[in-house]
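> output the structure for:
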Amino acid sequence: MSQNFECAGASNRDDVKFLPSEIRYRKPPFIQLIKGIFYGGQCHRPFLVPIPVKDGIDSPPTLDDLDINYWVKQMSRMTGSKETFHGSILVVKQTRHVPNLIVNMTKQDQLVANFLISSALHYHILTDV
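Here you go, the predicted structure:
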């Protein structure tokens, strides 16, 4: 999960409508796209969005291979953090079987992510202010 601390990158529904086209029609095109879930700081619902894999990566991508800056400005990797956050969140899925491999998220995964985000809001790990 990455966080947009500076309200840079995408943050609202207009960004979510515009950025997927910009990503898909980039010249030269991205070789790989991974589906993730974007919770925009100014959006009322999450969106399943394309996340480009950085140029030059031909193997299955890891977290470090994703170009997440279209959606959130990467500040640091957030794993096991107990800080309170504000802003947009981008969620990606890592496999259990192959360490560090990132795979597409589905609508079913979105339900799980929604539960986790809602729980984090309830326990004040995340805030919606």
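> just how off-centre is stretch 38-45 within its chain?
Taking C-alpha atoms, centre = their mean, to the nearest Å, one finds stretch 38-45 lying 11 Å from the centre of the chain it belongs to.
> using PDB, write down the CA coordinates of that stretch.
Coordinates of each C-alpha in stretch 38-45 appear next as PDB, following Å, rounded to 0.1, in the frame of the first residue of the first chain:
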ATOM      1  CA  PHE A  38      -7.100   3.400  -6.000                       C
ATOM      2  CA  TYR A  39      -8.700   5.100  -3.100                       C
ATOM      3  CA  GLY A  40      -8.600   8.800  -4.100                       C
ATOM      4  CA  GLY A  41      -8.400  11.400  -1.300                       C
ATOM      5  CA  GLN A  42     -11.300  13.200  -2.900                       C
ATOM      6  CA  CYS A  43     -13.200  10.200  -4.300                       C
ATOM      7  CA  HIS A  44     -16.300   8.700  -2.800                       C
ATOM      8  CA  ARG A  45     -15.500   5.200  -3.900                       C
END
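> give the buried residues for it.
Of all the residues in stretch 38-45, those buried under the rule 16 or more other C-beta atoms under 10 Å are 38-41, 43. C-beta here means a position set from N, CA and C on the backbone, and glycine is covered the same way.
> just the buried positions in stretch 87-95, please.
Neighbour-count burial for stretch 87-95 [16+ other C-beta under 10 Å]: 87-93.
> please, which helix or strand holds Pro29?
Counting by DSSP states H and E, there is no helix or strand that carries Pro29.
> distance-wise, check it relative to Ser118.
36 Å (C-beta to C-beta, to the nearest Å).
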